[in-house]
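**Q** I would like to see how this sequence folds:
(one chain, ligands or ions: 1)
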Amino acid sequence: MHVHKYEKIWLIFGITTLIVFLSVVGVSAFYAGNQPPSCLTVIDPEKVDSTAPFNEPGLKKVEGKDWDYELVFVAQAFAYTPGDVEVPLGAKVKVIATSKDVIHGFEVAGTNINMMVEPGYISEHITTFDKTGEYLILCNEYCGAGHHMMMSKIKVVE
Ligand code: CUA
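**A** As a prediction, the model looks like this:
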């Protein structure tokens, strides 16, 4: 079978990029331990209010973990609880969120926090806020008539 020279180059290029991309994903997932924010921890969406830690949304200092604080959010149409929260500058924070009704978004504008918040699942993201200021939390999954009003705020203070 005759394969044209340019076709050969293109095939080698395609296979090489595929191997590179799969290696990057593989190293990131299995060596660096990166997971999607919805790491398949499940929760009964009917019992969110009575299930820890969602029975006490907000910021909590924790001991003996790889992070200093846990910041717990409950999303429901069309608001987050808490509606705004203060976080100390430089603290390592694990953001934990779930939804009581439909799929919501959890995007913290100006950071790389962007999670999908699904009913029945717990989404988590560990981060450090190293700049003071106000960070807007927005819902970026269309969730109904009040979707555009769904927001919260993280205030990073010294
Ligand atoms: Cu909640 Cu859009």
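**Q** Pull up the residues of the chain that are close to the ligand.
**A** Counting by CB under 6 Å from any ligand atom, the chain comes close to the ligand at 78, 104, 105, 139, 141, 142, 143, 147, 150. (Each C-beta comes from the backbone N, C-alpha and C, glycine too.)
**Q** out of the residues you listed, which are buried?
**A** 78, 104, 105, 139, 141, 143, 147, 150 (16 or more other CB atoms under 10 Å).
**Q** Just the residues of the chain next to the ligand: which are in strands?
**A** Applying DSSP state E to those, the entries found in strands are 104, 105.
**Q** chain center to the helix or strand that contains residue 80: distance?
**A** Using DSSP states H and E, residue 80 maps to strand 79-81. Relative to the mean C-alpha coordinate of its chain, strand 79-81 is positioned 16 Å out (CA atoms, centre = their mean, to the nearest Å).
**Q** I'd like the average pLDDT over that strand.
**A** Mean pLDDT, strand 79-81: 94.
**Q** what lines up beside that strand in the sheet?
**A** Taking DSSP bridges as the criterion, strand 79-81 forms sheet pairs with strand 69-76 (antiparallel).
**Q** can you list the residues that contact the partner strand?
**A** Strand 69-76 is contacted by residues 48-49, 53-54, 56-62, 80-82, 85, 87-88, 91-101, 104, 106, 117, 137, 139, 150, 152, 154 when judged by CB atoms under 8 Å, 6 or more residues apart in numbering.
**Q** circling back: can you name the next helix or strand after the strand holding residue 80?
**A** Next along from strand 79-81, by DSSP H and E: strand 84-88.
**Q** other SSEs contacting the following helix or strand past that next one?
**A** Downstream of strand 84-88, the first helix or strand assigned by DSSP H and E is strand 92-99. Applying 3 or more CB pairs under 8 Å, 6 or more residues apart in numbering; DSSP states H and E, one finds that strand 92-99 contacts strand 69-76, strand 114-117, strand 121-128.
**Q** Give me the residue ranges of this protein where confidence is low.
**A** In the predicted model, the chain carries pLDDT under 70 at residues 38-39.
**Q** Break it into its domains for me.
**A** 1-34, 38-157 (automatic domain parsing).
**Q** Pick the most deeply packed of those domains.
**A** domain 38-157 (a mean of 16; mean count of other CB atoms under 10 Å).
**Q** Leaving out the residues flanking it, which one is nearest to the residue nearest in space to the middle of the chain?
**A** The chain has residue 115 as the residue nearest its centroid, 3.2 Å off, counting by CA atoms, centre = their mean. Spatially, and ignoring its direct neighbours in sequence, residue 115 is nearest to residue 37 (3.9 Å; CB to CB, 6 or more residues apart in numbering).
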